[in-house]
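>>> return a 3D structure for these sequence lines:
(3 chains)
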Amino acid sequence: MHLVCQISDRSPMIELNVNGKVRDYDVDPSMPLLWFLRDVANLTGTKYGCGIALCGACTVHLDGQAVRSCVTPVAAAVGRKVTTVEGVVDDGIGRAVQAAWQKLDVVQCGYCQSGQIMSAAALLRTNTQPSDAAIDAAMSGNVCRCAAYVRIRAAIHEAAATLGG
Amino acid sequence: MTESAGEILIVNESRRRFLQGMGGLALGIYTGAALADQGQAALRAASEEPRVIHFEPNAFVRVGSDNTVTVVSKHLEMGQGTYTGLATLLAEELDADWGQVRVEGAPADVTRYKNSLLGLQGTGGSTAMANSFDQMRRAGAVARAMLVAAAAHEWRVPAESITVDSGWLYAKGHKASFGQLAVKAARQPVPQEVALKDPKDFKLIGQSKLHRKDHIDKTNGTALFTQDYKLPEMLVAVVMHPRRFGSVPKAINSVRARAVANVVEVVQFSGYKTARFSGVAVLAKNSWAARCGRDALEIDWDESQAFKLGSAEILAQYKDMAGREGLVARKEGAAAAAFAATRVRLIEAEYELPYLAHAPMEPMNCLVRLGDGRCEIWNGEQLQTADQAAIAALLNIPAKNVLLHQLYAGGSFGRRANPSADYLLEAVSIARAAWDKGVRVPIKLMWTREEDTRGGYYRPASYHRAKLALDGDGKLIAWQHRVVTQSIIKGTAFESFAIKDGIDGLSVEGIADMAYEVPNLRVELSTPDNIGVPVLSWRSVGHSANAFVSEGLVDEAAAVAGRDPYRYRRDMLTKAPRLKRVLDVVASKARWEEPLKPGSPGERRGRGIAVHEAFNTYVAQVAEVTVKSNGGFKVDRVVCAVDCGLAINPDVIVAQMQGGIGFGLAAALHGAITLRGGVVDQSNFHEYIPMRIDEMPSVEVHIEPSAEKPTGVGEVGVPPIAPAVVNALYSATGRRIRTLPIARQLTRSAG
Amino acid sequence: MRIRRVALTALCALSVAGAAFVTYALLTVGDGRESNAPQPAVAGAPASITDPLMRGEYLARAADCIACHTIPGQMPFSGGVAFRMPFGTIYSSNITADRETGIGAWNDDEFVRALHAGVGRSGEPLYPAFPYTSYTALSRNDILAIKAYLFSVPVAHVPAKQNKLAFPFNQRWGLSLWNALFLRKERFRSVQGKSDAWNRGAYLATALGHCNECHTPRNRFYALEHDREFAGEVLQGWKAYNITSDETYGVGSWTGQQLSDYLGKGHASGRGTASGPMGEVVENSLQYLTQDDIKALVTYLRDVKPQIGERGSELNDRPPRALASTADTPGADEMGHGDLGLQLFERGCAGCHLWNGGGRQNEAARLLGAPAVNDPDADNLTQVVLQGSHLQTAHNEGFMPSFGGAYSDAELAALGNFVLEHFGGKQGKLTAEVVAKRRTP
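Just a heads-up that it's a prediction; the model follows:
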């Protein structure tokens, strides 16, 4: 089973806010946000892992909420603020998460880590001192085949400590 | 090699032996523009950037006049830390500052970048650090010597009076950075002999605080994987594969596919010699259009030659084959006679392991740019020499005209190192078919997750039939073991290296070479030749399955003997001191001989142990589990002890043990590729279930201090975890599990 | 002696009556009654559609012929769909105009009679999986418009599949008895005192759309219980919910907007997404109805006599656990207990379904207020998790993968019970055995 492709016949220019920059794009509104980001906006930090919202590699923020961009059509992003890993450091939470990831050398192959960072930043926005169970609940949608999970968890605690003290 | 516009390379080709007599100096100057590729790697116009001159004393390092040190890594960085490790070795002897070091992948050139342990250019077998240890140190020392010589010449001081520290050279009244001396260093003779540091003087090697070299770009979205790399005019190719291995397209209707906006062409690619992948590719200007076009293809397949068996038939066949004698892979003593002795207790067991997909987070992909008589590839390249040869053969061009650019790989676990070069040949076939139709642009082949899961080249399924005998004291005196599994090497170019007397050593590693002293041992291998499921090495190769079986069987023997599993193993490792040592360390750190903390009411807790050697590295693990009343369980904690010789990057070693444990646990809990009628059941992560953070135990790693030569850690964390967990579950529940994956076996019977 | 005589007489009388009844049933089975009744004002296709074939197409969509007569991927209307009934499996027929395997040789009267009386071309009774018990209310004109449309679609030469019925259910003549007892051969007549919209809605619901056939409970003879109209029924593993106007157990609490969105688009904000057979109804049928016709359906539905449902299935769109959750995590009390259902949810479900009940990327994934999570029997919840769900209309696309392949019955039971508790505040009763049975409903 897979998401069925729909490509419209006409493609008017669409205005989108990506990482704080607002501009018009020539893109089919039914194209998933993931492929728009990677192929049209040339922001390749957000990754394709499964295409059916089961791995989290494509996670971006829409108005601060973590979403799986592989199943989010561009149309759903109109009028909302899209944040990708390239822009997550525009706020203090994103900066703290990235810093913690770097401090603890979380990454191995790194392919899933953009999505991990985005999900972690979204979690910390609403839960400043997440318990291990809360980390499980919020982060189990992000698969890491290198199993860097021990350090992902530690980095979230580290970022929380930096933010909350 | 690639350079940005504005860089000039000064090359000393003096590593070549034939210049030895001339004092080894050759000078070549390349201007950047001639070699610049217009890729997506950030380029700045020549006018914006000052010209940087590089001094390149050998194939492994360039020192720039901008004070950067570029380490050229012949090994792929797929998460296991090679870029960091190789850079550490070189930077140590160079006395560079860690912060000034960057790493890039090496081009395909087996004359300079051969993996000396594999005999070709490639990454695998956990050999990167082992085969590079001397080489990279020497490379760094050579560069250092030339910088020192340059300073000595410049300052008119003796070389011995110069000290080098963190990228700076000092002498009385003088100091200069690497960058300042780069050009002058290039004019120095290349020394043929260099002294390497005494380990007690190491500053970087062995240091835990060293950050990885890829920890910045992989956390800010700038790291480039094959998935990300773009070239001007590039098209994306998404393929339709058959459901069954060995099918070919009979009739293709591409009308609807071509009608999708931004689809440019549809091409058929033929399978190469094995004809495993014939199919059709849709080429489009962007990924989504290619995917939509592919979904609109209508193909009738000719399945007359396709493989049509299912997992049930394969297992039945394997069981049947295990009833007959196989080829003897190891023989000590006389097992048959030992079984017949009086007062022995026998254990007869059957173990089954499924096919496993690699399932890296980055599905298979490959970027191809064909030219006249040449082919350029950008890829998370893992087996350069084999890939180069295969592509050259397909295109009928010289191998040296196949240029391979090594990018990061988003995981591989062995998948990208395919002697058959399947996905590369597929990409090249597509590009050539497009070329013939007048579409002469770079083509990026992009598999979807479904293609990747169904695309074959799995860790082989295996069936084991074992018979063990214990004497009156419970000592293991005989072990007869039949393994039935496909060979991953047969039929490939490497067949003659790995198959001796008909036995693929990779099929029996971990059992045939077991370190336990069992006086009567007989290991036989039967290899089927009719199973058309493509197979390949998967992280830790034969050990991945065989350690599960051998460490499970030893545990079963300990239980029958009424002995503690740790002590029971220990008693049989008298001739394997390093293995015994890690076993002792893990038992001590896990407090094996103290009672296990009980769980909450209704919960049962258990602890299991396993020890294994693979690729010359020794690992022991203890797993603790909690089993709930409904049969669900959690692996709470794993303690791991590892002896990998000299620890170059302790933090990377810890991460690789954690990751290897997680990877092996994922497979043990959930991993299974099954087939029915030759069709793979699993397509995406709702069917090939990955392990997630909520199933990951805490992991403590203890690195055994050692001065032995360093050996690899990328794989060896994997084999012991499945048996350690299964042994722990046995200790908690009394139930012995001999089939993987575990997960549903316990919950199935629960309420 | 006298007792024997009385008993014998009674037996004779019964036999005579029985024989008379059987004779009557057999004789009248092919009689459609009043097949030439005048066209009701509220019948037909909307006036805005003038072309006869397009009117026929509209009516065929409203009657949703295609769903039962087309195997996915095969030629439309070529038949062969399996219906697993309690008494065996029967297959739908090819209703394209193929003369040999379809209805190409049928004349108008034969086709009308099929829908009005439930008999085939030779007068043989049809199995009531074909909803002639509802189609009997259709006007002759509408039936013939549908026939003309069917005769215009590509012809498929597909022979019928053999039904798999055990004795006595394979005795078609027995159906004539069933028809005599349970089939009311009456054409639709507008109800006085109700608005045109109500009557149009009644025609759409009870005749064309035959909603009763799924949503009305059946008795042990597999006949509709007309005194419990639209009170809900389970068919082939899916529960067609109570759609009466009861506010607690039916759709009485739904706003007009929610009702028309659900029908016309397949998703009602705060009330869930059509899945399984109802999803197909929206895709194949309802999404093509005009706005006015949807409004008419809503008008009618809002007036359906309320019927009480099963205790414990009251709609609760403010369940405490979902309300205590954020988008990304459940409440603190719920976490950390190692609940298997919760763990499965956080792995495979939270990617699309937020902990607080919203849809992460798509409103179609909103679980709060959905009937599926409020039904402790969890028929539909089980099926959706087993099979996945894919709704594709002009307005909406929702896609959910199937999880039946890799997850065990016990796991899915645990997951279902968690979802019921967390999103519906309901005590789930799922067990591994129940899930196992539902894999082949």
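>>> for chain A, which segments count as helices?
Counting by DSSP state H, chain A has helices at residues A:33-35, A:92-103, A:113-126, A:132-139, A:149-164.
>>> per-residue confidence averaged over stretch C:203-211?
Stretch C:203-211 shows a mean pLDDT of 97.
>>> what's the local residue count around residue 141?
In the absence of a named chain, chain A is used. Residues within reach of A:Gly141, counting by other CB atoms under 10 Å in any protein chain shown, total 26. No exception for glycine: its C-beta is placed from N, CA and C like everyone else's.
>>> correction: the question concerned chain C.
Number of residues near C:Asn141 (other CB under 10 Å) recorded here: 16.
>>> okay, it: pLDDT?
Predicted confidence (pLDDT) for C:Asn141: 95.
>>> do B:Glu13 as well
41.
>>> dump the helices of chain A into CSV; add distance to A:His61, mean pLDDT and mean neighbour count as well.
Below are the helices of chain A laid out as CSV (distance: least, CB to CB, whole Å; pLDDT from 0 to 100; neighbours: other CB atoms under 10 Å in any protein chain shown):
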stretch, distance to A:His61, mean pLDDT, mean neighbour count
helix A:33-35, 11, 98, 27
helix A:92-103, 9, 98, 21
helix A:113-126, 6, 97, 27
helix A:132-139, 13, 97, 24
helix A:149-164, 16, 97, 21
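>>> take the ones you listed and write them to JSON lines, including distance to chain C.
Listed next are those as JSON lines, based on distance: least, CB to the nearest CB, whole Å:
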{"stretch": "helix A:33-35", "distance to chain C": "9"}
{"stretch": "helix A:92-103", "distance to chain C": "13"}
{"stretch": "helix A:113-126", "distance to chain C": "5"}
{"stretch": "helix A:132-139", "distance to chain C": "4"}
{"stretch": "helix A:149-164", "distance to chain C": "12"}
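>>> got a markdown table for these, with distance to C:Ser402 too?
Below are those laid out as a markdown table (distance: least, CB to CB, whole Å):
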| stretch | distance to C:Ser402 |
| --- | --- |
| helix A:33-35 | 22 |
| helix A:92-103 | 34 |
| helix A:113-126 | 23 |
| helix A:132-139 | 24 |
| helix A:149-164 | 27 |
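>>> so which of these comes closest to B:Ala152?
Nearest to B:Ala152, of all the helices of chain A, is helix A:92-103, at 38.8 Å by CB to CB.
>>> what is that closest one packed up against?
helix A:113-126, helix A:149-164 (3 or more CB pairs under 8 Å, 6 or more residues apart in numbering or on different chains; DSSP states H and E).
>>> quick one, it and helix A:149-164 angle?
Counting by axes from the mean of the first three to the mean of the last three CA atoms, to 10 degrees, helix A:92-103 lies at 140 degrees to helix A:149-164.
>>> and the helix or strand harbouring B:Val71, which strands flank it?
Per DSSP states H and E: B:Val71 is located in strand B:69-73. Strand B:69-73 sits in its sheet next to strand B:61-64 (antiparallel), strand B:101-105 (parallel), going by DSSP bridges.
>>> picking up where we left off before, what's the closest of the helices of chain A to B:Ile216?
Each of those has some distance to B:Ile216 by CB to CB; the shortest is helix A:92-103, at 6.3 Å.
>>> got the contact list for the closest one?
A:83, A:87-89, A:106-107, A:113, A:116-117, A:120-121, A:124-125, A:155-156, A:158-159, A:162-163, B:211, B:215-216, B:219-220 (CB atoms under 8 Å, 6 or more residues apart in numbering or on different chains).
>>> wait, doesn't B:Arg243 sit right on B:Phe307?
No: between B:Arg243 and B:Phe307 there is no contact under CB atoms under 8 Å: 10.6 Å.
>>> spit out the residues that contact those two alike.
B:Gly678.
>>> show me which of those two is the more surrounded one.
Ranked by neighbour count (other CB under 10 Å), B:Arg243 and B:Phe307 place B:Phe307 first, with 20 against 13.
>>> list the contacts of that one.
B:Phe307 neighbours (CB under 8 Å, 6+ apart): B:Arg244, B:Phe245, B:Gly246, B:Ile531, B:Gly532, B:Val533, B:Gly678.
>>> how about 7 Å then?
B:Arg244, B:Phe245, B:Gly246, B:Gly532, B:Val533, B:Gly678 (CB atoms under 7 Å, 6 or more residues apart in numbering or on different chains).
>>> one step back: buried deepest among the strands paired with strand B:69-73, which one?
Among those, strand B:61-64 has the highest mean neighbour count (mean count of other CB atoms under 10 Å in any protein chain shown), at a mean of 26.
>>> which strands or helices does the helix ranked longest in chain B pack on?
For chain B, the helix that runs over the most residues, judged by DSSP H, is helix B:128-155. With contacts taken as 3 or more CB pairs under 7 Å, 6 or more residues apart in numbering or on different chains; DSSP states H and E, helix B:128-155 sits against strand B:52-58, strand B:61-64, helix B:82-94, strand B:168-171, helix B:178-186.
>>> mind checking the pLDDT average for that helix?
Averaged across helix B:128-155, pLDDT comes to 97.
>>> what residues sit buried inside that helix?
Applying a neighbour-count criterion of 16 or more other CB atoms under 10 Å in any protein chain shown, one finds B:128-133, B:135-152, B:154-155 buried in helix B:128-155.
>>> go on, stretch A:27-45?
For stretch A:27-45, burial by neighbour count (16+ other CB under 10 Å) applies to A:27-41, A:43-45.
>>> could you do stretch B:734-742 as well?
Residues of stretch B:734-742 classed as buried: B:Ile737, B:Arg738, B:Leu740, B:Pro741, B:Ile742 (neighbour count, 16+ other CB under 10 Å).
>>> quick check, nearest of these to B:Ala493?
Closest to B:Ala493 out of the buried residues of stretch B:734-742 is B:Leu740 (30.9 Å), distances taken as CB to CB.
>>> list the residues that contact that closest one.
By CB under 7 Å, 6+ apart, B:Leu740 lies in contact with B:Leu353, B:Pro354, B:Phe548, B:Ala668, B:Ala722.
>>> give me phi/psi at the first one?
So the one you mean is B:Leu353. Main-chain dihedrals, B:Leu353, degrees, to the nearest 10: phi -130, psi 140.
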